[in-house]
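Just need the structure, nothing else, for what follows:
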Amino acid sequence: MPSHRMKARPRRWRPRESLRYLIFYKPYGVLSTFTDPEGRPTLSRYIRVPEQVYAAGRLDMDSEGLLFLTNDGWVNHRLTHPRYKLPKVYLAQVEGIPTQDALEALRQGVVIKGRRTAPAEIELLETPPTLPPRSRPVTPHGPTRWLRIVLREGRKRQVRHMTAAVGLPTLRLVRVAIGPLSIRGLEPGQWRDLMPKEISMLRHALTRASGARY
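Below is the predicted model of the structure:
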């Protein structure tokens, strides 16, 4: 006999109260962890929440900007696993004046430790971006320029290695966005919970992210 079972309607995702999603503007000189055996500044100086949240992808101590923290394992996995391609946007102040050849090399990919980086979006900014002053000012030895860099992979210290590979050492690095999230409205050391709409946007972006490997 034919089945008369009704087709279940898709349920709209709603966050459970126990899940937390935070964005934090990590200052220069702060580790992306909550503890450090050497006593260096950590996230615990700025973030105190009852839930045990973790950074989904880190910024090195000398870098600044958007750090996303959560206790949602599904979101954390999709943000940190190399098979997914959620774009991450950086502003990098480099020492030297980039040539067209250097910019094109960064766009096409450069070899780091025997592996070529994936293609990236690279834009040479005409004017420096408006950013909060850094606690330790940059002291260049010559002319500098700012690049806007969009990556879809996340190797350790990747931006710094990429720019160094084309003769443009990175002096200051600020991550300003991850997918639909940005640090707009935050100052260094500030954090906030994501709004429900932002959580839905993030999960939607991660759901449709390609699973193809580079």
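
what about stretch 35-54, how long is it end to end?
End-to-end distance of stretch 35-54 (C-alpha to C-alpha, to the nearest Å): 12 Å.

For that stretch, list every residue counted as buried.
The neighbour-count check on stretch 35-54 (16 or more other C-beta atoms under 10 Å) flags 43, 46, 47, 53, 54 as buried. In short, each C-beta sits where N, CA and C put it, glycine included.

I'd like those residues as JSON lines, with secondary structure appended.
JSON lines is the format used below for the buried residues of stretch 35-54 (DSSP: H, G, I helix; E, B strand; the rest coil):
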{"residue": "43", "secondary structure": "helix"}
{"residue": "46", "secondary structure": "coil"}
{"residue": "47", "secondary structure": "coil"}
{"residue": "53", "secondary structure": "coil"}
{"residue": "54", "secondary structure": "strand"}
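
pull the longest helix from the chain.
Longest helix in the chain, counting residues (DSSP state H): helix 196-207.

re earlier: looking at the buried residues of stretch 35-54, which is nearest residue 131?
Of all those, residue 131 sits closest to residue 46, with 18.5 Å by C-beta to C-beta.

got a list of what that closest one touches?
24, 30, 189, 190, 191 (C-beta atoms under 8 Å, 6 or more residues apart in numbering).

Mind listing the residues bridging to residue 65?
When assigned by DSSP bridges, residue 65 has beta-bridge partners residue 26, residue 175.

Actually, residue 89.
residue 150, residue 177.

That one reaches residue 177, doesn't it?
Yes - Residue 89 lies in contact with residue 177 (C-beta atoms under 8 Å); the separation is 4.0 Å.

quick one: pLDDT of residue 43?
With respect to pLDDT, residue 43 scores 97.

which residues are contacting the helix or strand harbouring residue 75?
Using DSSP states H and E, residue 75 maps to helix 73-80. With contacts defined as C-beta under 8 Å, 6+ apart, helix 73-80 is touched by 21, 54, 56-57, 68, 70, 84, 86, 154, 178, 202-203, 206, 209.
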